[in-house]
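**Student:** Sequence plus predicted model, see below.
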Amino acid sequence: MVIESTTAEEAIASNLKQFLLVLSVSLGVATLPQIFSWFRQIPYTLLLVIVGLVLVVVDVRLVILSPALILFIFLPPLLFEAAWNHSL
């Protein structure tokens, strides 16, 4: 019983470390382009795309996501934000 408890605690600790890493990288990726867009007249969504391309080139893989999941979760907020801030 003690062995199972120890492995469960190790699994929880490992999952928590991975979650915190993904959360901190995600917040950094979402925040840094917003800060840099204040200094330049580049749209925030374009900066997010550029940061995403840099992460792909560097080959940062924190979690494995399917392309359909990315389209359903990340694309609608980006499109909404771009449409909301679009000047007519």
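**Tutor:** Arrived safely.
**Student:** Next up, identify which helix or strand the spatially most central residue of the chain is on.
**Tutor:** Nearest to the geometric centre of the chain sits residue 26, at 3.4 Å (C-alpha atoms, centre = their mean). According to DSSP states H and E, residue 26 maps onto helix 2-39.
**Student:** Can you report the mean pLDDT over the residues of that helix?
**Tutor:** On average, the pLDDT along helix 2-39 is 74.
**Student:** And it, what does it pack against?
**Tutor:** Judged by 3 or more C-beta pairs under 8 Å, 6 or more residues apart in numbering; DSSP states H and E, helix 2-39 is in contact with helix 44-58. To be clear about C-beta, it is placed using only N, CA and C from the backbone, and glycine gets the same treatment.
**Student:** For the helix it packs on, name the packing helices and strands.
**Tutor:** helix 2-39, helix 75-84.
**Student:** Report the next helix or strand after it in sequence order.
**Tutor:** In N-to-C order, the element after helix 44-58 by DSSP H and E is helix 67-73.
**Student:** CA atoms of that following helix as CSV?
**Tutor:** The C-alpha trace of helix 67-73 is given here as CSV (Å, rounded to 0.1, in the frame of the first residue of the first chain):
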residue,chain,number,x,y,z
PRO,A,67,-4.6,20.1,-35.1
ALA,A,68,-8.4,19.9,-34.7
LEU,A,69,-8.1,20.7,-31.0
ILE,A,70,-6.0,23.7,-31.8
LEU,A,71,-8.5,24.9,-34.4
PHE,A,72,-11.4,24.5,-32.0
ILE,A,73,-9.8,26.1,-28.9
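**Student:** change the start of the numbering to 6 and stick with it
**Tutor:** Shifting the count to begin at 6 puts that one at helix 72-78.
**Student:** how far out from the middle of the chain is that helix?
**Tutor:** In terms of C-alpha atoms, centre = their mean, to the nearest Å, the centre of helix 72-78 is set 13 Å apart from its chain centre.
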